[in-house]
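Visitor: Provided below for reference: sequence and predicted model.
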Amino acid sequence: MKRLHYPSAFVLFLVYGMLIFSNSSCHYYNIEKRLGPDDAEFLTKVRYIITKKEERMFLDLPADEREQFKEEFWRRRDPDPTTEENEFKMEYFDRIERANELFRSEGRPGWLTDRGRIYILFGPPMDRITYPMGYSAASRCQEIWYYGTFPVVFFDATCTGNYRLVTYDLTAIRSLNLMYMHELTMAQAQSQQTIHGDSRFFDFSWDISKTLVETNQIEGVVLLDVSYAALWFKEKEGKLVTTLDLLLELHGDDGQVVWEYKDSYQVESSEEELKKEKKKKFHIEIPFVLEKEFPMVQLGKSKMYATLINRTGGDKIRKVLDFKL
């Protein structure tokens, strides 16, 4: 199944970008560390086929909505939704099981090895040639798998059963070596494109900016962006229009709602605008003030929930962020 003088503005921009990336990575890393056993296992098992966007969506979701995400994850990959069984899912887990049986000599589950990864993504090779220690005077343990005429090479430097994915030693003709790596990378990327049908994801990015934090008052802004490409529109008077319904809820330590915001937003564009600005986003800012009547002590470990609904398509997504003082 194939499935620095003073740093230039450019340097400052790069540093700023790296800081943003680092903060984002830490955010998702911390969420992943706190996942329950079932969610952690799911994320581990689908590591070879889940997209980065899907992974972040999954981590952003409240725990009680992740089961629905899992169902949708596999549904998107079902090659024939008219049958009861999801053939892709069955084949994927069958390959994991088979990889565990075939490659168990590396001190970790077979499906987590290099050979296991290639086996899961490409399936069993059409031809598998094994060169054990001693097959020639200058021998080294290796395996070559063929998918048609395309070779995939694994090398065991110590002949102890620990095989690593490598390329041919084509140092003298570096361009060919790079071409080989490029083709292998492209082949793996293609095998990871497992989503069938509509690949549009209804999603949004958001953050909370607190502009004032005092003993008896907190002020700030909730910032939210939705990509136009993720929305379903309907045509009205020559325009593409839709409505977004937004619900924000701040939950205290005890889980009770201590602040709530609800509103609807009209979004419109034209086909020409969408074609010219494929990365265009609809931006929403919601200022908030939490005054002394709120139990500030209980806000120390509170959470902010955001629920967004695209009325035209009926899509709905709910996310959660820690609200720290």
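Guide: Good, I have the coordinates.
Visitor: any stretches of this protein with poor pLDDT?
Guide: The chain contains residues with pLDDT under 70 at 1-25, 133-139, 167-189, 191-192, 195-200, 278, 292-300, 325.
Visitor: kindly state the domain boundaries assigned to it.
Guide: The chain breaks down by automatic domain parsing into domains covering 9-75, 102-191, 204-323.
Visitor: redo these as CSV? Include mean neighbour count and distance to P81.
Guide: (Glycine included, C-beta is placed from N, CA and C.) Shown next, in CSV, are the domains of the chain (neighbours: other CB atoms under 10 Å; distance: least, CB to CB, whole Å):
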stretch, mean neighbour count, distance to P81
domain 9-75, 14, 7
domain 102-191, 15, 21
domain 204-323, 15, 18
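Visitor: including distance to F88, could these go into a markdown table?
Guide: Formatted as a markdown table, the domains of the chain follow (distance: least, CB to CB, whole Å):
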| stretch | distance to F88 |
| --- | --- |
| domain 9-75 | 8 |
| domain 102-191 | 12 |
| domain 204-323 | 23 |
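Visitor: for T83, which of those domains is the nearest?
Guide: Among the domains of the chain, domain 9-75 comes nearest to T83, with 12.4 Å by CB to CB.
Visitor: from K303, how far out is G255?
Guide: Taking CB to CB, to the nearest Å as the measure, G255 falls 9 Å from K303.
Visitor: would you confirm that R117 contacts I96?
Guide: No - using CB atoms under 8 Å, R117 is not in contact with I96, being 10.4 Å away.
Visitor: find the residues that touch each one of these two.
Guide: Shared contacts of R117 and I96, defined by CB atoms under 8 Å, 6 or more residues apart in numbering, are found at W111.
Visitor: quick one: I144 and L102, what's the gap?
Guide: Counting by CB to CB, the gap from I144 to L102 is 16 Å.
Visitor: using CSV, write out every CA atom in the helix or strand harbouring R98.
Guide: Using DSSP states H and E, R98 sits in helix 87-102. In CSV, the C-alpha atoms belonging to helix 87-102 read as follows (Å, rounded to 0.1, in the frame of the first residue of the first chain):
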residue,chain,number,x,y,z
GLU,A,87,-8.6,-1.0,5.1
PHE,A,88,-5.9,1.6,5.5
LYS,A,89,-6.1,1.5,9.3
MET,A,90,-6.0,-2.3,9.3
GLU,A,91,-3.1,-2.4,6.9
TYR,A,92,-1.1,0.2,8.9
PHE,A,93,-1.4,-1.7,12.2
ASP,A,94,-0.8,-5.0,10.4
ARG,A,95,2.5,-3.6,9.2
ILE,A,96,3.4,-2.4,12.7
GLU,A,97,2.8,-5.8,14.0
ARG,A,98,4.8,-7.5,11.2
ALA,A,99,7.7,-5.0,11.7
ASN,A,100,7.8,-5.9,15.4
GLU,A,101,8.2,-9.6,14.3
LEU,A,102,10.8,-9.0,11.6
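Visitor: now do the buried residues in that helix.
Guide: 88, 92, 95-96, 98-99, 102 (16 or more other CB atoms under 10 Å).
Visitor: what does that helix rub up against?
Guide: Residues from elsewhere that reach helix 87-102 (CB under 8 Å, 6+ apart): 1, 3, 45, 49, 74, 77-80, 109-111, 113, 115-116, 119-120, 123-124, 194.
Visitor: same check on stretch 271-278?
Guide: With CB under 8 Å, 6+ apart, stretch 271-278 has contacts from 228-229, 240, 280.
Visitor: what of stretch 280-287?
Guide: So stretch 280-287 is contacted by 219-229, 231, 244, 246, 248, 261, 263, 265, 267, 269, 273-274 (CB under 8 Å, 6+ apart).
Visitor: now the helices for the protein?
Guide: Taking DSSP state H as the criterion, the chain carries its helices at 9-33, 37-45, 52-60, 66-75, 87-102, 114-122, 174-191, 271-276.
Visitor: so how far is the third one off the chain centroid?
Guide: Here the centre of helix 52-60 is set off from its chain's centre by 4 Å, with CA atoms, centre = their mean, to the nearest Å.
Visitor: hmm, I218 is touching V289, no?
Guide: Yes - the pair I218 / V289 is scored as a contact, 7.4 Å apart, by CB under 8 Å.
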